[in-house]
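[1] can't give you the sequence, but here's the structure:
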């Protein structure tokens, strides 16, 4: 099996201005397909130090994946240093030049001369298309001085929004082709249980299983159980994974599972995708009334292309005036019970359903902090309402004073999405 | 000046199960006090590979800070490998042993024998107290084979909750004592110009300046110019930075600057903070009417604690019905010009201002893709409206077909925030 290293290039990483999420992303994907990763390195925008780092990585490993340093400015040195090590000249690539020119035309900005440095490609290298930016990825395969065996260097742009799709579209298929085995993963998504509790339940299965393997991962607001099978064919792996999934669904963990996803598909945003699928299936529209989340719930639904089928809109009622004047919450409800109360959440959800003309409305009103908490309603207290033709239900949840403002708002958003899923799932 | 490297030890980092936030944290703190950091490395729990990595780091640099691998299990190898390299035996430290025993007594759990491996310390090493866990930090100062100069290795536990306080309490004072200089950075935040265009404009200043240094960094929707000065006192550095900032503000880049921030403060979310500050200063309230962003703008304002001073709320008018029935957009505007039109954006902003009762309303309606584009209105076309007592203005922007749905929506959100900033800034 070929071994791999990652080198991330960028002074901003060495200054601690950004966190190296690229390395974690790539590492995870390499682990998914069983490619052994021996080292991650970070160097600054310094040609000499990058050369030393890349050279020793290539002495140790077969494949080096580099991220960053492909931008248009003079401190973007990744291609220059790598081409030099492989003794390849840089040449202007016409197709890349055209696509850069088109990009600037599209956005109506003037292209400066230095942008064209992104069209300079080491001779004979493969170009990895970038559908989300101007810097293409580059793949070089060949020998360097001091080593007899063939080495592969893959260069990718640093911004995760560009790197991640390029990695999936262009790098994964090439790496999978190098691997003697086929891998397949199935994720079960759980809500309402913590990672350690999930691990305790699954421990016997985890210990007795070697193929497929079973491992829990904690994500915010959900736990993911990843089932990964290795085999000679995809069909064999798929069968192994689904048979294990059936076993887990039949056990104690089963009641917490709200969705499943596969390693081929997008397993981010499974919760919101599940809510949209259910709404679409039942031909229902949804609307929101948001106080502390201030638009996060509707925005997260709209993250998914095509969500306009099911999303009418929402009312962000951050002030009490908007709760009263737009949503029609009675002033004395707020006076008597407070804006953070189940009574207010109930009136908000009903108001949203009436005003937006949607089938189901979800509402949230809470204290995201850091200030505004009281002994009766501490920071992290959130009231939920959900309303449809069958009536309105409310619940109060506590996301804890240890969570910060951002986390409380994100957990509130996920819980609101789960309210939609649960409401529709129980409808016959 | 002594140079530094960071080595993080842990197979979980190489599997992508955790993100290396420790390295980013330490890097930022080193940059704050001007310690040059040349490399970050990550290796797994493998003695041979760690030895090679540590040895070459010590050949290049004076100080190596290691994180992780100090736990009680057999794959925690950091101390063993380091002690070996410095030819030091490991000895049980009585004080550390007592504190581990006391820790388990306190939490009422049984201590297992392997926990005592954490009391094994290389002979003559300094112990760095851990107030948040059982693994103490270790500092070794000495010579290793193959190098004549004195080297320092600092070993810290991996969990950020333990590492960060130890770094502040025990490591920073030692590093500051080694540094002859004080550093200070000032950031200028630019909107409406790309990184490469900013670099072209600033190139003469960047080339002639050594103290302070000037460097542009691209962030989504903005460019940050960082000015960093080195000197004997903070006052001297502050003076150097502000005098450079004045020079840049007076030049071609000046018109793009919308905010500044310092290295002491929080420079994330500068754009939304600037909008909130301006609103508060002029005692104005704001509201939104959002179609394609579906709540992102109001949510981003609510990200900032205390924004309830200025944010009334918003209408997420994802469907045409909500635009017509809630915002009061005339049906024939949508019929004649389309929902993505300046006419519709104008009516949305005016409707939001009326319904929400706010002083300023910003509206957006656009095509976030991936589908829905036409030759006249391609994906990435967004119409903006901004309305206050003085009237309503509109503009159409194109964010390019290369941007994905998420990026188009985030750029739309930033542009809407800039519309608020610009509208208030031009008010006398």
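    Yep, that arrived. Worth saying up front: this structure is predicted, and the values here are computed from it rather than measured. Residues are numbered from 1 along each chain as shown, chains lettered A, B, ... in the order given.

[2] Let me see the ranges of the strands in the stretch 301-428 of chain A.
    A:311-317, A:360-366, A:381-388, A:391-398 (DSSP state E, counting those that start in this stretch).

[3] want to throw these into CSV with distance to residue B:269, mean neighbour count and mean pLDDT?
    For every residue, glycine as well, the C-beta is placed using N, CA and C. Listed next are the strands of the stretch 301-428 of chain A as CSV, based on distance: least, C-beta to C-beta, whole Å; neighbours: other C-beta atoms under 10 Å in any protein chain shown; pLDDT from 0 to 100:
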stretch, distance to residue B:269, mean neighbour count, mean pLDDT
strand A:311-317, 19, 31, 98
strand A:360-366, 21, 29, 98
strand A:381-388, 23, 25, 97
strand A:391-398, 27, 15, 96
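
[4] Quick check: buried residues in the helix ranked longest in chain A?
    What stands out as the longest helix in chain A, according to DSSP state H, is helix A:405-426. Along helix A:405-426, these residues count as buried under the neighbour rule (16 or more other C-beta atoms under 10 Å in any protein chain shown): A:405, A:407-424.

[5] what kind of secondary structure is residue A:187 in?
    Under DSSP: H, G, I helix; E, B strand; the rest coil, residue A:187 falls in the strand class.

[6] wouldn't it be in contact with residue A:262 here?
    Yes: Residue A:187 is within contact range of residue A:262, at 7.3 Å (criterion: C-beta atoms under 8 Å).

[7] how about the residues of the stretch 51-200 of chain A near chain B?
    Contact residues (C-beta under 8 Å from any C-beta of the partner chain) of the stretch 51-200 of chain A with chain B: A:53, A:56, A:71-74, A:103, A:106-110, A:112-115, A:131-134, A:161, A:165.

[8] Likewise for the stretch 301-428 of chain A?
    A:301-303, A:305-306, A:308, A:311-319, A:321-322, A:325-326, A:355-357, A:368-371, A:405-406, A:409.

[9] For the stretch 151-300 of chain A, give the residue positioned nearest to chain B.
    For the stretch 151-300 of chain A and chain B, the shortest gap (C-beta to the nearest C-beta) falls at residue A:295, measuring 2.4 Å.

[10] if I pick that residue, what's in contact with it?
    Contacts for residue A:295 (C-beta atoms under 8 Å, 6 or more residues apart in numbering or on different chains) come out as A:314, A:316, B:288, B:290, B:294-299, B:302, B:314, B:316.

[11] still on that earlier bit, who are the packing partners of the longest helix of chain A?
    When contacts are defined as 3 or more C-beta pairs under 8 Å, 6 or more residues apart in numbering or on different chains; DSSP states H and E, helix A:405-426 packs onto helix A:270-281, helix A:296-302, strand A:360-366, strand A:381-388, strand A:391-398.

[12] Average pLDDT for that helix, rounded please.
    Along helix A:405-426, the predicted local confidence has a mean pLDDT of 91.

[13] coming back round to it: read off the pLDDT value for the closest residue to the residue of the stretch 151-300 of chain A closest to chain B other than its chain neighbours.
    Excluding its sequence neighbours, the residue lying closest to residue A:295 (C-beta to C-beta, 6 or more residues apart in numbering or on different chains) is residue B:295, at 2.4 Å. Looking at residue B:295, its pLDDT stands at 98.

[14] wait, what's in contact with residue A:193?
    Counting by C-beta under 8 Å, 6+ apart, residue A:193 has contacts A:223, A:253, A:256.

[15] which one of those residues has the most neighbours?
    Neighbour counts for the contacts of residue A:193 (other C-beta atoms under 10 Å in any protein chain shown) peak at residue A:223, which has 23 neighbours.

[16] tell me the pLDDT at it?
    Note on residue A:223: pLDDT of 84.

[17] Just checking: what are the partner strands of the helix or strand containing it?
    Applying DSSP states H and E as the criterion places residue A:223 in strand A:222-231. Strand A:222-231 has its sheet partners listed here by DSSP bridges as strand A:182-190 (antiparallel), strand A:213-219 (antiparallel).

[18] hey, what's the closest residue to residue A:318 other than its chain neighbours bridged with?
    Of all residues beyond its chain neighbours, the one nearest residue A:318 is residue B:313 (4.4 Å), with distances taken as C-beta to C-beta, 6+ apart. Assessed by DSSP bridges, residue B:313 has beta-bridge partners residue A:317, residue B:287.

[19] Check the contact between residue B:313 and residue A:316; I expect there is one.
    Yes: assessed by C-beta under 8 Å, residue B:313 is found in contact with residue A:316 at 4.4 Å.

[20] residues bridging contact with these two, i.e. touching both?
    Here residue B:313 and residue A:316 have A:294, A:322, B:288, B:298 as joint contacts, going by C-beta under 8 Å, 6+ apart.

[21] Look up how far residue B:280 lies from the last one.
    In this case it means residue B:298. To residue B:280, residue B:298 is 17 Å away according to C-beta to C-beta, to the nearest Å.

[22] How about residue A:45?
    Going from residue A:45 to residue B:280 by C-beta to C-beta gives 39 Å.

[23] Residue A:63 now?
    53 Å.

[24] which one of those two has more residues nearby?
    Taking neighbours as other C-beta under 10 Å, residue A:63 and residue B:280 compare with residue A:63 leading, 23 against 14.

[25] What residues are bridge-paired with the more buried one?
    residue A:4, residue A:152.

[26] residues in contact with it?
    The contact partners of residue A:63, by C-beta under 8 Å, 6+ apart, come to A:2-5, A:35, A:151-154, A:175.

[27] Please convert the buried members of those residues into ChimeraX selection syntax.
    Buried residues within the contacts of residue A:63, by 16+ other C-beta under 10 Å, are selected in ChimeraX with:
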select /A:4,5,35,151,152,153,154,175
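
[28] Residue B:67: which of the contacts of residue A:63 is nearest?
    Minimum distance to residue B:67 across those is 19.1 Å, recorded for residue A:5 (C-beta to C-beta).
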